[in-house]
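A.B. asks: A structural model of the following input is requested.
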Amino acid sequence: MASQIRAQAAQMKEMLSPTDYADMLSQAAQIEQDVRDGGFAIPVAKEPLTLSKRIADAHQGRLDWLDGEAACVGYGWENHRTFVSNYGDPERDRLCRKAFAHFERYFLITRDGGGSAAAEPHLEAYDRTAQAATDYYANRRR
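C.D. replies: Residues are numbered from 1 along each chain as shown. Got it, this is the predicted structure:
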């Protein structure tokens, strides 16, 4: 911008009064000084921390992090309705089925373009129930 003002001043020098010419050069100099002082620096906005980003950050980039946990081995969002565990622990089975049912709902809403407002409650419920399943499993092993 400062160089444009200087170029304009040079082109119009013959038509401007000495005072107007000096004002244009002064404006250009002020802009350059403001740039050096950081007056035009715009702070970069932080990306808002979404639920999916928070979950992924906490679990090595995975939203479906329960797949990698021993608490629900054998379960997945694709088979939670039909998988039969041989754990002999109805509460563990219930928590695993419930967690993966929430993830399935999240996945389907997202895949079908339902948007984050509709999908995120299911992702949040998945994360909460998956954590409950892993906590239950950890406490039962003690």
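A.B. asks: So which helix or strand of the protein has the lowest pLDDT on average?
C.D. replies: Lowest mean confidence among the helices and strands of the chain (mean pLDDT, DSSP states H and E): helix 2-11, at a mean of 85.
A.B. asks: The helix or strand just after that helix vs helix 2-11, what angle?
C.D. replies: The element immediately downstream of helix 2-11 (helix or strand, assigned by DSSP states H and E) is helix 18-36. Between helix 18-36 and helix 2-11, the angle comes out at 170 degrees (axes from the mean of the first three to the mean of the last three C-alpha atoms, to 10 degrees).
A.B. asks: If you count neighbours, what's buried in helix 18-36?
C.D. replies: Tyr21, Met24, Ala28, Ile31 (16 or more other C-beta atoms under 10 Å). Where you see a C-beta, it was placed from the backbone N, CA and C, and this is true even at glycine.
A.B. asks: in this protein, which segments are predicted with low confidence?
C.D. replies: For the chain, applying pLDDT under 70 flags the ranges 40-45, 141-142.
A.B. asks: for it, what spans make up the helices?
C.D. replies: 2-11, 18-36, 51-58, 90-111, 116-140 (DSSP state H).
A.B. asks: Tabulate these (a markdown table), appending distance to Trp77.
C.D. replies: A markdown table is the format used below for the helices of the chain (distance: least, C-beta to C-beta, whole Å):
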| stretch | distance to Trp77 |
| --- | --- |
| helix 2-11 | 58 |
| helix 18-36 | 53 |
| helix 51-58 | 14 |
| helix 90-111 | 4 |
| helix 116-140 | 9 |
